[in-house]
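Let's see this in three dimensions:
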Amino acid sequence: RASLREYSETLLEESFTPDALDRMQEALAARGLSGAAGSRFVTVTGRGADKGQATRLLLDLFRHQDPSLISVGLGDGPNDGPMLAAVDLPYLVQRPSGAWTGMDIPRLVRVEDAGPAGFCKVIGELFGRPAESGAESDRGLI
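Predicted coordinates for the structure are as follows:
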């Protein structure tokens with residue numbers, strides 16, 4: 001399915017040295033493109049396109065039908081920042097190292113589990129299932 005993408009291309013970040021990644025970013029910018037680094041991938045899109053722009057567009061469409069909609073976003077990489085800033089309930093999952101990607105977003109909840117375990121923890125809590133591990137937050141969810 002990835003080869004059928006029409007609007008972006010995903011590259012493995014692990015295959016780039018920091019210097020090669022910088023050179024690639026410069027080459028993309030010269031062609032009107034940008035590369036957003038995630039936790040393991042770089043997503044190449046047109047300049048100015050990001051997950052936040054897409055999230056806001058979708059939320060506007062859904063809120064046209066139901067203005068009371070509450071949006072939730074889960075992410076763990078720097079490319080998730082714009083999406084997390086666009087939702088009502090943003091959750092930032094730990095990186096495998098135990099650290100969180102640095103971002104300053106109002107209402108951001110930092111989840112004390114990495115990768116899929118962190119994502120599952122949030123979904124379980126949102127749907128009323130108790131968390132299996134991790135510390136409680138001041139929201140009482142995580």
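
can you pull the buried residues of the longest helix anywhere in the chain?
Ranked by residue count under DSSP state H, the longest helix found in the chain is helix 51-65. Neighbour-count burial for helix 51-65, counted by 16 or more other C-beta atoms under 10 Å, picks out Lys51, Gly52, Thr55, Arg56. Quick note: C-beta positions are derived from backbone N, CA and C, even for glycine.

Return the member of those residues nearest to Asp113.
Asp113 lies nearest to Lys51 out of those, by C-beta to C-beta, at 21.4 Å.

Can you tell me, leaving aside adjacent residues, what's nearest to the most centrally placed residue in the chain?
The residue lying closest to the centre of the chain (C-alpha atoms, centre = their mean) is Asp80, at 2.5 Å. Leaving out its chain neighbours, the residue that sits closest to Asp80 by C-beta to C-beta, 6 or more residues apart in numbering is Lys51, at 6.3 Å.

Confirm for me that that neighbour is in contact with Pro78.
No - look at Lys51 against Pro78 with C-beta atoms under 8 Å: they stay out of range, at 10.7 Å.

shared neighbours of those two, which are they?
Ala36 (C-beta atoms under 8 Å, 6 or more residues apart in numbering).

Now do the end-to-end distance for stretch 62-78.
Taking C-alpha to C-alpha, to the nearest Å as the measure, stretch 62-78 stretches 26 Å from start to finish.

and that stretch, what's its mean pLDDT?
Taken as a whole, stretch 62-78 carries a mean pLDDT of 93.

So for that stretch, what gets flagged as buried?
Neighbour counts over stretch 62-78 (16+ other C-beta under 10 Å) mark Ser71, Gly73, Leu74, Gly75, Asp76, Gly77 as buried.

Show residues contacting the helix or strand bottoming out on mean pLDDT in the chain.
The least trusted helix or strand in the chain, going by mean pLDDT, DSSP states H and E, turns out to be strand 9-12, with a mean of 77. The contact list for strand 9-12, computed with C-beta under 8 Å, 6+ apart, reads Ala2, Gly35, Arg40, Phe41, Val42, Thr43, Val44.

thinking again about what came up before, confidence-wise, which of the buried residues of helix 51-65 comes last?
Lys51 (88).
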